[in-house]
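Colleague: Only the shape, not the letters, is given here:
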């Protein structure tokens, strides 16, 4: 059998397998949605969990009348959310760990994102 035929015989099943896995890989990458509420200057829940290595969408609902600023040094994000409104924060896929966050306008308001 010519050398090119041998290579093609070996590569074709590999390429077909990889192409067949493509939609499954993308289906697993759907962003995780996490809802956090701020009420009476407290995050509810104060600890939230998310899967590792998946994009994360945080929806922060501020039920207090005054504005708040969702901030996290470890996540490298800050977002002002007006009173009685909500904001959305898109996070990159994260490695396992604990990521602290707080309200920069009321720093005793804090929470943690646990990624596993």
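Modeller: Sure thing, it's come through. All values derive from a computational prediction rather than experimental measurement. Residues are numbered from 1 along each chain as shown.

Colleague: Near residue 30, how many other residues are there?
Modeller: Using other CB atoms under 10 Å, residue 30 is surrounded by 9 other residues. Where you see a C-beta, it was placed from the backbone N, CA and C, and this is true even at glycine.

Colleague: go on, the one 3 residues further on?
Modeller: Around residue 33 sit 11 other residues, with neighbours defined as other CB under 10 Å.

Colleague: ok, now residue 116?
Modeller: Neighbours of residue 116 (other CB under 10 Å): 8.

Colleague: residue contacts, it?
Modeller: By CB atoms under 8 Å, 6 or more residues apart in numbering, residue 116 lies in contact with 49-52, 96.

Colleague: which one's the longest strand in this structure?
Modeller: When the chain is parsed with DSSP state E, its longest strand is strand 106-115.

Colleague: Give me the residues contacting that one.
Modeller: 34, 36, 38, 41-43, 45-52, 56, 58, 68, 72, 75, 94-103.

Colleague: what's the answer for stretch 89-101, then?
Modeller: Stretch 89-101 is contacted by residues 31, 43, 50, 52-58, 60, 70-75, 77, 79, 110-116 when judged by CB under 8 Å, 6+ apart.

Colleague: Please identify the buried residues of it?
Modeller: Using 16 or more other CB atoms under 10 Å as the burial criterion, the residues of stretch 89-101 that qualify are 89, 91, 94, 99, 101.

Colleague: List buried residues within the contacts of residue 116.
Modeller: Burial by neighbour count, judged by 16+ other CB under 10 Å, picks out residue 50 from these.

Colleague: Closest to residue 85 out of the contacts of residue 116?
Modeller: Within these, proximity to residue 85 (CB to CB) peaks at residue 50, which comes in at 23.1 Å.

Colleague: what about the closest one, distance to residue 29?
Modeller: Separation of residue 50 from residue 29 (CB to CB, to the nearest Å) stands at 14 Å.

Colleague: Ok, residue 100 next?
Modeller: Going from residue 100 to residue 29 by CB to CB gives 26 Å.

Colleague: still on that earlier bit, list the buried residues of the longest strand of the chain.
Modeller: Going by neighbour count (16+ other CB under 10 Å), the buried part of strand 106-115 is 109, 111-113, 115.
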